[in-house]
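Novice: Got a predicted structure here, sequence first:
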Amino acid sequence: MTDLFPPVVADTQPLADRLRPAKLADVVGQDHLLGPSGPIGRMLAAKRLGSMILWGPPGCGKTTLARLLAAEAGLTFEPLSAVMSGIAELRKLFEAAAKRRAQGKGTLLFIDEIHRFNRSQQDGFLPVVEDGTVILVGATTENPSFSLNAAVLSRAQVFVLKRLEEKGMALLLDRAEALTGQPLPLTVEARELLLTLADGDGRYLLNLAEALFALKDLPPLDSAGLLASVQKRAPLYDKDREEHYNLISALHKSLRGSDVDAALYWFQRMLLGGEDPHFIARRLTRFAAEDIGLADPLALPQAIAAWDAYDKLGSPEGELALAQAVVYLATAPKSNATYRAFKNAAKAARDTGSMMPPKHILNAPTRLMKDIGYGAGYAYDHDTADGFSGQNYFPENLPRTRFYDPPERGFEREIRKRLEYWDKLRAKRQEGGE
């Protein structure tokens, strides 16, 4: 096993650094990219390494992979952090890479957190990527579609690294025990809990393991003892980044699918990640109008009441009111008929321009307006036998159009009956019958 681990630089070197793989075969959890049939594996076999963007969660091995790719391809590894560096540092690296290229040597430029570079900075390294001065490997935790220039994406393949699964993380713990020569002081159940706490982050897992190795002369910790000894990791969530949109999408679609348990799960994931409850309340209110509408007329008041209750109670008490709204909305009958009617009416309004209302429904406050027919023939609906006149309220040159078509669900079943009743009355009035 000794050849598996790089030599220890110092006693203070973190365990995660001491356990960095020394060769690509030791990389855990990324066989879909590095295996013989994986895209990077095929590149290396063909000895044609191209520029790439490594997209994945923290602790999945992006930096290690870039370093090993440089070694495998015989390239000089030049690391750069987009957080700490700017155009000046890039220019120095480009000059050095150009000199190496003149000597027949290649350079792999690794830019960690490449999404932190602004658009003009990203444009700055396009020429040296395009002419082959450097092979660019960028690492990002953000969706490249949103955070990187189209020009960069056209010159580099995007590879998605997976969060480590339990099998891969268990292998890391085995390696840590082999390197240190001691077992982790954990029961079987606590060891499984440790893998859960790491949430797919190999670096974080090894940091936790290092803290546990430091506990001397103690009996194995059970799950409660483990939780008391280490700090639980907060769920990965960035309110300004892609995860924010992913989770609200998951909540919205779970509500639409009437899956109350999944909806509650995503609701809690957002709260635990630090999402503003007001944002959640706003989206619940939008959902009530868009996906339930008049199938349950109480859905919108429920959402607004929950929002109001949160404003009055604050956290954490007010979060229960939002949870009640989540349950109500998830279990309510669903209809987007109002939403579709709104969109259809908007299209018709745009397409028909400035058509006037029919004259009989216009007010006539002046003699001139009466003389030209404003208000002539208007029937006051309350004076009719059925409280319904059946008159035309559309512009004269616009055929009657059905925008709102309620389904046979929830309260809208009753609305549909009313519309059908009025349709029959309207047909009778237009035929001149009673």
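Specialist: Ah, there it is. Computed from a predicted model, the values in this text were never measured in an experiment.
Novice: Now do L300, the pLDDT please.
Specialist: On the pLDDT scale, L300 is placed at 96.
Novice: can you tell me which residues contact it?
Specialist: T285, A288, A289, I292 (Cβ atoms under 8 Å, 6 or more residues apart in numbering). C-betas here are computed from N, CA, C, even on glycine.
Novice: Name the nearest of those relative to R409.
Specialist: I292 (10.0 Å; Cβ to Cβ).
Novice: Next, the buried residues of the longest helix seen in the chain.
Specialist: Taking DSSP state H as the criterion, the chain has its longest helix at helix 412-431. Buried residues in helix 412-431, counted by 16 or more other Cβ atoms under 10 Å: E412, I415, R416, L425, R426, R429.
Novice: Take those residues and write them to CSV, including pLDDT and distance to T196.
Specialist: Compiled in CSV, the buried residues of helix 412-431 are given as follows (pLDDT from 0 to 100; distance: Cβ to Cβ, whole Å):
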residue, pLDDT, distance to T196
E412, 87, 44
I415, 89, 48
R416, 90, 49
L425, 86, 64
R426, 84, 63
R429, 77, 69
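Novice: Can you add distance to L126 and give those back as a markdown table?
Specialist: Below are the buried residues of helix 412-431 laid out as a markdown table (distance: Cβ to Cβ, whole Å):
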| residue | distance to L126 |
| --- | --- |
| E412 | 55 |
| I415 | 58 |
| R416 | 58 |
| L425 | 69 |
| R426 | 65 |
| R429 | 70 |
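Novice: and those residues, which two are the farthest apart?
Specialist: Within the buried residues of helix 412-431, E412 and R429 form the most distant pair, 25.0 Å apart (Cβ to Cβ).
Novice: tell me the contacts of N363?
Specialist: Neighbouring residues of N363 by Cβ under 8 Å, 6+ apart: M369, Y374, G375.
Novice: Could you report the neighbour count for the first one?
Specialist: Yep, that's M369 we're talking about. Using other Cβ atoms under 10 Å, M369 is surrounded by 14 other residues.
Novice: For it, pull up the helix or strand it's in.
Specialist: Element membership for M369, per DSSP states H and E: helix 367-371.
Novice: Mind listing residues that contact that helix?
Specialist: L362, N363, A364, G375, A376.
Novice: Stretch 57-77 too?
Specialist: 20-21, 23-24, 27-30, 34, 40, 44, 47, 49, 54, 56, 79, 97, 100, 105-108, 110, 112, 135, 137, 139, 141, 161-164, 198, 200-205, 236.
Novice: what about that stretch, average pLDDT?
Specialist: 88.
Novice: Just the pLDDT at the residue nearest the centre of the chain, thanks.
Specialist: Nearest residue to the geometric centre of the chain (Cα atoms, centre = their mean): N246, 1.9 Å. pLDDT recorded at N246 is 79.
Novice: Only the buried subset of the contacts of helix 367-371, as a ChimeraX command please.
Specialist: Selecting only the buried entries of the contacts of helix 367-371 in ChimeraX, with 16+ other Cβ under 10 Å as the criterion:
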select :362,364
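Novice: surely L329 meets I292?
Specialist: Yes: with contact defined as Cβ atoms under 8 Å, L329 reaches I292; the gap is 6.5 Å.
Novice: how many neighbours does the nearest residue to L109 once chain neighbours are set aside have?
Specialist: Nearest non-adjacent residue to L109, counting by Cβ to Cβ, 6 or more residues apart in numbering: V134, 4.2 Å away. Other residues near V134 number 26, with proximity taken as other Cβ under 10 Å.
Novice: which residues does V134 contact?
Specialist: Residues counted as contacts of V134 (Cβ under 8 Å, 6+ apart) are E78, L93, F94, A97, T107, L108, L109, F125, V128.
Novice: What of L80?
Specialist: E89, L90, L93, L109, F110, I111, D112.
Novice: For the stretch 101-250 of the chain, which segments are assigned as strands?
Specialist: Assigned by DSSP state E, counting those that start in this stretch, the strands in the stretch 101-250 of the chain fall at 107-112, 135-140, 157-160.
Novice: Contacts only, for G410.
Specialist: The contact partners of G410, by Cβ under 8 Å, 6+ apart, come to L294, A295, D296, A332, P333, S335.
Novice: The closest residue to the fifth one other than its chain neighbours and E95: what is the separation?
Specialist: Of all residues not flanking P333 in the chain, G410 sits nearest, at 3.2 Å (Cβ to Cβ, 6+ apart). When distances are taken as Cβ to Cβ, to the nearest Å, G410 and E95 turn out to be 69 Å apart.
Novice: and what of S37?
Specialist: Taking Cβ to Cβ, one finds S37 at 39 Å from E95.
Novice: Looking only at neighbour counts, state which of the two leads.
Specialist: E95 (12 against 8).
Novice: Check what contacts the one helix or strand the more buried one maps to and list those residues.
Specialist: In the assignment (DSSP H and E), E95 maps to helix 87-102. By Cβ under 8 Å, 6+ apart, the surrounding residues in contact with helix 87-102 are 76, 78, 80, 106-107, 109, 121, 124-125, 128, 132-134.
Novice: among those, which are in helices?
Specialist: Q121, G124, V128.
Novice: Please convert the buried members of those into PyMOL selection syntax.
Specialist: Buried subset of those, written as a PyMOL selection, criterion 16+ other Cβ under 10 Å:
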select buried, resi 121+124+128
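Novice: and A82, what does it touch?
Specialist: So A82 contacts I111, D112, E113, I114, H115, R116, F117, Q121 (Cβ under 8 Å, 6+ apart).
Novice: of the residues you listed, closest to D383?
Specialist: Closest to D383, out of all of the contacts of A82 and judged by Cβ to Cβ, is H115, at 67.2 Å.
Novice: Next up, the contacts around the closest one.
Specialist: Counting by Cβ under 8 Å, 6+ apart, H115 has contacts A82, T140, T141, E142, P144, S147, L148.
Novice: which one is it nearest to, not counting chain neighbours?
Specialist: Using Cβ to Cβ, 6+ apart and skipping the chain neighbours, the partner closest in space to H115 is S147 (3.6 Å).
Novice: Distance-wise, check that neighbour relative to K167.
Specialist: Going from S147 to K167 by Cβ to Cβ gives 30 Å.
Novice: Thanks again, I'm all set now.
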